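1. Generate a structure from the sequence data that follows.
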Amino acid sequence: MARLCILTPKPDYPEDWQSRAAQFSALFGDDLAFRCWQDAGDLSGFELTLPLLAWGYNRAPDLWYQALDAWDAQGLRFANPISLLRWNTDKTYLLRLAEQGVPIVPTRHSDCLTEADVESARLAFGANRLVVKPAISAGADGTFVLGADDPIPFDVLERAMLIQPLMRAIQEEGEFSLFYFGGQLSHAVLKTPATGDFRVQEQFGGREVAVDAPAPAQALAQAVLAAAPLPLLYARVDMVRDAAGQFCLMELEAIEPALFLNFAPDTGAAFAKAVLNQLAA
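-> Below is the predicted model of the structure:
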């Protein structure tokens, strides 16, 4: 039996996850198997499980939490610990990191988003344009920019949401993503949105280029990893510059981040080594 398992969405999931699965198969060969996270069956035969393609968990958070609880109760070994995955699922972890001194994009949380919440955040941030996003989200699902006169979209009205100012640097420079495997920096990319958009994901026209991670970006990433509740085998640290040019955290992705291994100088060898080292530990 294969030693490694990567969790995936259902085969008919509308976005292409198979091409990323092929990348992982090329790295791990016969050591790797795939299971749908919503119907994973018995995972106890695997030495290590990675939810790297567990897409759609944000659309079914109750099922996701139930699955995490079940895997935890079985004592299964995950590459990033299950308690860390649970912590990372809800983006209010940003507020916990800020309490530890990590500079983040200014963020407020509302359990039930209302116009009063939006207006209060607008005054607090001194910003006319705000970003609202679900506290449990991925791939910019349910994420909107609200101008001064824009109503809250019905889809997210009275939902648990994060409120942030729209960071100008997203459209002027882009969003930096730094990738760490076994605690070591592997590579970095700069993601830019399509003209007139704020979303950097490929499905919205965003583009990526490989970059050398600036030293201040690396310092922030290291501070984020040090503040996380547990060590991470793999992580993507997303950040953007504020108005003063200082890097601040947008997200720490520790569940199913796109790893952009095609931009890694070693095309993923460091990732594979980190995984195999953990297997041997």
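2. residue ranges with poor pLDDT in the stretch 1-150 of the chain?
-> Where the stretch 1-150 of the chain drops to pLDDT under 70, the residues are 1, 139-140.
3. show me where it has helices.
-> 18-28, 61-73, 82-89, 93-99, 115-125 (DSSP state H, counting those that start in this stretch).
4. what about dumping the CA coordinates of the shortest one to PDB?
-> If I follow you right, that is helix 93-99. Extracted C-alpha coordinates of helix 93-99, given in PDB (Å, rounded to 0.1, in the frame of the first residue of the first chain):
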ATOM      1  CA  TYR A  93      -6.600  33.200  13.200                       C
ATOM      2  CA  LEU A  94      -5.300  36.500  11.800                       C
ATOM      3  CA  LEU A  95      -6.600  38.300  14.900                       C
ATOM      4  CA  ARG A  96      -4.800  35.800  17.100                       C
ATOM      5  CA  LEU A  97      -1.500  36.300  15.200                       C
ATOM      6  CA  ALA A  98      -1.900  40.100  15.500                       C
ATOM      7  CA  GLU A  99      -2.300  39.700  19.300                       C
END
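5. Give me the residues contacting it.
-> W87, I104, V105, T107, H109, L162, V224, A227, A228, L249, E251, L252 (Cβ atoms under 8 Å, 6 or more residues apart in numbering). Placement of C-beta: from N, CA and C, glycine included.
6. Could you do the first one as well?
-> Under the criterion Cβ under 8 Å, 6+ apart, residues 4, 6, 8, 32, 34, 52-53, 258, 261-262, 268-269, 271-272, 275 lie in contact with helix 18-28.
7. List the buried residues in it.
-> R20, A21, Q23, F24, S25, L27, F28 (16 or more other Cβ atoms under 10 Å).
8. What's opposite I104 in the beta bridge?
-> L249 (DSSP bridges).
9. That one reaches C248, doesn't it?
-> Yes. At 5.6 Å, I104 counts as touching C248 under the criterion of Cβ atoms under 8 Å.
10. ok, back up a step: which pair in the buried residues of helix 18-28 spans the largest distance?
-> R20 and F28 (12.9 Å; Cβ to Cβ).
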